[in-house]
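Novice: dropping a prediction and its sequence here:
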Amino acid sequence: MQKEETLRVVLVGCGSMSGTWIETVQGLPGVEIVGLVDIRVEAAQSRAQVHHLTDVVISSQLTDVLEQIHPDVVFNCTIPEAHYETTLEALEAGCHVLSEKPMADSLESARKLISAAQRANRRFAVMQNRRYDANIRRAKAYLATGELGSLTTVNSDFYIGAHFGGFRDEMHHVLLLDMAIHTFDAARFLTGANPVSVYCQEWNPADSWYTHGASAVAIFEMTGGLIYTYRGSWCAEGLPTTWESDWRLIAPQGSMKWDGGTSLQVQQVSESGKFLSSFRDIDVPSSAPDTKTQGHASAIEDFISCLREDREPETAGTDNIKSLAMVFAAIESAETGKRVEISW
Ligand SMILES: NC(=O)c1ccc[n+]([C@@H]2O[C@H](COP(=O)([O-])OP(=O)(O)OC[C@H]3O[C@@H](n4cnc5c(N)ncnc54)[C@H](O)[C@@H]3O)[C@@H](O)[C@H]2O)c1
């Protein structure tokens, strides 16, 4: 692909999330939205109107639009159940694809999408916008200095009473499938470790406004012997955590606490050998090590740069399947009551 070539994009799934995607594209030089698709065609029409997209093809059928205008890129913002078919069709039509999470509705489908991208020689990546955050990048950059030694234990808590309405109310394993993917991916991002096994218990609290699985607790073994625990709920009222979760990360020479926002505390051992060691507070730099800090906008911008520079995106399907594998293994464990080995 030539660096100066204008990339022509079709966005599929014109619901709530799509506005953020369209606004980002409208601010990017050399990228143009040429089509909007939604099975509810009125949703696509409404998006076109709101974002003043006067010269776009609008349809309820992706097939028609692909045949008619041969775009370079498809952005998949459909509901999770439609991710697989939409991404597969776009890849097979020769488009690069950036898809909303989760990558697919099963590991088998995710593997098929990776193969389809390889066959078509196209880039395929997944939106993991919570990686593109200044504070998680600050935390990761400090951990990468190795000053605390190798992480041994990581805990994250996610508690938000989210009253969405819509597809999530009826979704099975709603917390694990629709939200925990972000937290599991963040755990991989922060630690650089990959999953080995999981034991998970999932439940739907008595007062839940969801149909299924609004709460879960999971214990992961990760590579290097690291243990990562996840506790979460989407129907916990009061004392909410951030959407990025509340974290404690422990290593031989100290610990980090991150509230998912700007509060990032680190204590390093300054003197040991007594009953309790002494610690010094470490000042973690207040700015991120790079500029990939604007959530969806940075993720989309980075994907476009990868196409122009022929680079693999950070959240390419080949990598993101490891985060997805954590989700499906946790679900299998919750369903069987057994510890599950994780592969992808
Ligand atoms: N990354 C994040 O932080 C984040 C936040 C919210 C939602 N999401 C994800 O974004 C996706 C969309 O979520 P939303 O909140 O916009 O949902 P939504 O229900 O508001 O919108 C989804 C749209 O997709 C359309 N659609 C469904 N199946 C389709 C198909 N086969 N072809 C074309 N259009 C189809 C629906 O008609 C709807 O307009 C989901 O995967 C969700 O998990 C991600």
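Specialist: Looks like it arrived, so ask away.

Novice: every contact and neighbour count from this point should use C-alpha atoms.
Specialist: Noted.

Novice: isn't Ile58 up against Gln45?
Specialist: Yes. Counting by CA atoms under 8 Å, Gln45 is a contact partner of Ile58 at 6.8 Å.

Novice: between those two, which one's more packed in?
Specialist: Ile58 (23 against 19; other CA atoms under 10 Å).

Novice: contacting residues around whatever residue of the stretch 151-300 of the chain ends up closest to the ligand?
Specialist: Closest approach between the stretch 151-300 of the chain and the ligand, counting by CA to the nearest ligand atom: Asp178, at 5.4 Å. Shown in contact with Asp178 (CA atoms under 8 Å, 6 or more residues apart in numbering): 101-102, 168.

Novice: doesn't it lie inside a strand?
Specialist: No. Counting by DSSP: H, G, I helix; E, B strand; the rest coil, Asp178 is not found in a strand; it is helix.

Novice: from Phe167, how far off is it?
Specialist: 10 Å (CA to CA, to the nearest Å).

Novice: same thing with Phe279?
Specialist: Relative to Phe167, Phe279 is positioned 48 Å away (CA to CA).

Novice: so which of those two has more stuff around it?
Specialist: Remark: of Phe279 and Phe167, Phe279 carries more neighbours, 16 against 10, as counted by other CA under 10 Å.

Novice: so that one touches Ser270, yeah?
Specialist: Yes. Under the criterion of CA under 8 Å, Phe279 makes contact with Ser270 at 4.8 Å.

Novice: let's have the contacts of Asp178 in CSV, adding distance to Ala120.
Specialist: Shown next, in CSV, are those (distance: CA to CA, whole Å):
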residue, distance to Ala120
Lys101, 21
Pro102, 21
Arg168, 33
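
Novice: tell me the contacts of the residue positioned nearest the centre of the chain?
Specialist: By CA atoms, centre = their mean, the mean C-alpha position of the chain lies nearest to Gln128, the distance being 2.6 Å. Shown in contact with Gln128 (CA under 8 Å, 6+ apart): 100-101, 182, 185, 296, 299, 315.

Novice: filter these down to just the ones in helices.
Specialist: 182, 185, 296, 299 (DSSP state H).

Novice: narrow those residues to those that are buried.
Specialist: Among these, those scoring as buried are 182, 185, 296, 299 (criterion: 16 or more other CA atoms under 10 Å).

Novice: is the residue in the stretch 51-200 of the chain that the ligand sits nearest to in a helix, a strand, or coil?
Specialist: Nearest residue of the stretch 51-200 of the chain to the ligand, counting by CA to the nearest ligand atom: Thr78, 3.7 Å away. Taking three-state DSSP as the rule, one finds Thr78 in the coil state.

Novice: any weak-confidence spans in the stretch 201-344 of the chain?
Specialist: Scanning the stretch 201-344 of the chain for pLDDT under 70 picks out nothing.

Novice: mind listing the helices in it by residue range?
Specialist: With helices called from DSSP state H, counting those that start in this stretch, the stretch 201-344 of the chain shows them at 296-309, 317-336.

Novice: which helices and strands sit right next to the first one?
Specialist: When contacts are defined as 3 or more CA pairs under 8 Å, 6 or more residues apart in numbering; DSSP states H and E, helix 296-309 packs onto helix 18-26.

Novice: which other residues reach stretch 235-249?
Specialist: 130, 151-162, 183, 205, 208-209, 214-215, 255-261.

Novice: going by neighbour count, list what's buried in that stretch.
Specialist: Neighbour-count burial for stretch 235-249 flags 235-236, 240-241, 243-249 (criterion: 16+ other CA under 10 Å).

Novice: same check, this time on stretch 155-171
Specialist: By 16+ other CA under 10 Å, the buried positions in stretch 155-171 come out as 155-161, 168-169, 171.

Novice: again, but for stretch 48-67
Specialist: Within stretch 48-67, the residues scored as buried using 16+ other CA under 10 Å are 48, 53, 57-60, 62, 65-66.

Novice: just stretch 322-337 next, same as before
Specialist: Residues 322-334 are the ones in stretch 322-337 that count as buried (16+ other CA under 10 Å).

Novice: of the residues you listed, which are in range of the ligand?
Specialist: Among these, proximity to the ligand is found for none (CA under 6 Å from any ligand atom).

Novice: okay, those in TSV with distance to Arg40 next?
Specialist: Shown next, in TSV, are those (distance: CA to CA, whole Å):
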residue	distance to Arg40
Lys322	33
Ser323	31
Leu324	28
Ala325	31
Met326	33
Val327	29
Phe328	30
Ala329	33
Ala330	33
Ile331	31
Glu332	33
Ser333	36
Ala334	35
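
Novice: of all these, which two lie farthest apart?
Specialist: For the buried residues of stretch 322-337, the farthest-apart pair by CA to CA is Lys322 and Ala334; their separation is 18.4 Å.

Novice: packing partners of the regular element (helix or strand) spanning Ser46?
Specialist: Element membership of Ser46, judged by DSSP states H and E, is helix 41-50. On a contact count with 3+ CA pairs under 8 Å, 6+ apart, helix 41-50 meets strand 31-37, strand 57-59.
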